[in-house]
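J.: Below are the sequence and a predicted model; questions follow.
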Amino acid sequence: MISRALAFALLVPAALAAQRPTTAADVQRILAPLADDSMAGRMTASPGEAKAARFIAGEMQRFGLRPAGDSGWFQRVPLAAVPLAQPRRGRTERLVLTKSFVERDTFPAERRRTAVNVVGLLEGSDAQLKGEYVLITAHFDHVGIGAAVNGDSIYNGADDDASGVTTALEIARQLAAGPAPKRSVLFALWTGEEMGMLGTRWFIDHPVVPFGQIVANLEIEMIGRPDSLAGGAGKAWLTGFERSNMGEQLAAAGIPIVADKRPEQNFFERSDNIALARRGIVAHTLSTFNLHADYHRPSDDLRGMDLEHMAAVINAAARATRVLADGPKPAWKPGGQPAERAPRP
């Protein structure tokens with residue numbers, strides 16, 4: 001007798017038949033605008049990030065998702081700019097998440113900021129399961145404009161994490177064009193990851209769907225180049241693979257995914273998934289980061305991206321989303337869920 005997971009895996013190809021796979025041209029169409037100099041490095045709460053948010057919302061609308069924010073496609077996030085006692089990396093202030101917009105408005109007007117998460121929903125088809133949600137995420141902010149390196153001061157963030165945003169949007173296109181998944185799929189593109197996971201933290205306290213009904217989170221972070229330790233082009237790794245059965249479930253469906261080969265880097269706790277995992281959601285990050293030297297440098301731009309590799313990983317991620325939306329719910333293994341941290345002051 002075959003297992004339930006394997007039996008489901010055998011059905012996945014039929015469900016995907018109507019989905020047009022992502023091509024390198026599809027990747028270029030989304031990635032190039034997000035990583036363009038006109039976005040000015042997508043610093044949190046900056047005009048460049050707001051421009052990126054509008055672009056992302058336009059793509060969600062184009063693909064047929066439903067707006068799921070408090071302001072259409074946008075979930076507003078209240079921030080305040082606090083002066084630094086000593087300048088850091090050329091910056092004189094840092095952004096903090098306030099408890100509410102009322103609290104934000106206690107700051108001087110010139111220090112009030114608003115950023116947004118961009119949120120779209122693909123409703124599930126199963127009468128019982130559509131009230132459960134698979135959360136697909138990536139952060140669209142980056143570090144903005146900084147110290148010039150070889151005459152370039154715009155930190156485009158093509159890999160970090162325009163590549164993940166491109167993946168999330170292409171997953172949305174594929175799923176919206178194919179048979180509706182059984183569970184609903186919520187796509188959330190976060191603001192403020194580089195500033196301390198500000199957008200994710202706000203979402204956790206102000207979820208746009210019932211938080212307890214989110215059954216899994218797949219974050220996509222830095223898939224722009226192949227990783228030799230994952231097996232090369234088209235292959236990816238999952239952070240915290242050993243903590244839950246999600247990775248095993250995806251691998252059983254034939255998805256080219258392996259465990260994170262660099263546990264010493266602690267990648268499981270270095271992306272937005274960790275904030276969700278600490279609250280109980282089975283949440284992992286999919287990546288192919290090969291520790292390239294362009295990380296957080298102006299040279300992380302479109303020229304370094306391997307579009308064919310990205311297309312292959314995106315297609316695998318779309319299949320993974322279908323598995324999570326139609327198959328058994330993933331679960332933490334004993335001791336796998338990270339402990340919750342005390343609230344930040």
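T.: Done, it's in. What you see is a predicted model; the values in this text were computed from it and never measured.
J.: Let's check: the centremost residue of this protein is which one?
T.: In the chain, the residue lying closest to the centroid (Cα atoms, centre = their mean) is A138, at 1.4 Å.
J.: residue contacts, that one?
T.: Counting by Cβ atoms under 8 Å, 6 or more residues apart in numbering, A138 touches 161, 164-165, 167-168, 189-190, 219-221. Bear in mind the C-beta positions are built from the backbone N, C-alpha and C, glycine included.
J.: Of these, just say which sits nearest to P179.
T.: Nearest to P179 out of the contacts of A138 is A168 (Cβ to Cβ; 19.5 Å).
J.: The longest strand belonging to the chain - what's its average pLDDT?
T.: The strand that spans the most residues within the chain, counting by DSSP state E, is strand 74-88. Averaged over strand 74-88, pLDDT sits at 92.
J.: what lines up beside the helix or strand that that strand is followed by in the sheet?
T.: Per DSSP states H and E, the first helix or strand lying C-terminal to strand 74-88 is strand 91-97. Sheet neighbours of strand 91-97, with direction, are listed as strand 74-88 (antiparallel) (DSSP bridges).
J.: any idea how far the longest strand of the chain is from the chain center?
T.: In terms of Cα atoms, centre = their mean, to the nearest Å, the centre of strand 74-88 is found 22 Å from the chain centre.
J.: got the buried residues for it?
T.: By neighbour count on 16 or more other Cβ atoms under 10 Å, the buried set for strand 74-88 is 74-81.
J.: Going by secondary structure, the residue nearest to the centre of the chain is in what exactly?
T.: Per DSSP H and E: strand 133-139 holds A138.
J.: Kindly format the C-alpha coordinates of that strand as CSV.
T.: These are the backbone C-alpha positions of strand 133-139, laid out as CSV (Å, rounded to 0.1, in the frame of the first residue of the first chain):
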residue,chain,number,x,y,z
TYR,A,133,-4.4,29.3,3.8
VAL,A,134,-1.0,28.6,2.3
LEU,A,135,1.1,31.7,2.7
ILE,A,136,3.6,32.5,-0.1
THR,A,137,6.0,35.3,0.8
ALA,A,138,9.1,37.3,-0.2
HIS,A,139,10.3,40.8,0.9
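J.: Partner strands of that strand, with direction?
T.: strand 184-190 (parallel), strand 214-220 (parallel).
J.: Show me what the mean pLDDT comes to for the helix or strand that that strand is followed by.
T.: Toward the C-terminal end, the helix or strand that comes next after strand 133-139 (DSSP H and E) is strand 145-149. Strand 145-149 shows a mean pLDDT of 94.
J.: now the stretch 201-345 of the chain, which segments are flagged as low pLDDT?
T.: 342-345 (pLDDT under 70).
J.: Go again with 90.
T.: Counting by pLDDT under 90, the ranges of the stretch 201-345 of the chain that qualify are 340-345.
J.: for this protein, what spans make up the helices?
T.: In the chain, the segments counted as helices under DSSP state H are 4-16, 24-34, 47-63, 101-104, 163-177, 198-205, 246-252, 273-277, 307-326.
J.: CSV for those helices, including distance to Y295 and mean neighbour count?
T.: Shown next, in CSV, are these (distance: least, Cβ to Cβ, whole Å; neighbours: other Cβ atoms under 10 Å):
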stretch, distance to Y295, mean neighbour count
helix 4-16, 33, 14
helix 24-34, 17, 19
helix 47-63, 19, 19
helix 101-104, 32, 13
helix 163-177, 12, 26
helix 198-205, 20, 22
helix 246-252, 24, 22
helix 273-277, 18, 25
helix 307-326, 17, 24
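J.: Ok, which of the ones you listed comes nearest I145?
T.: Closest to I145 of those, according to Cβ to Cβ: helix 47-63, at 8.6 Å.
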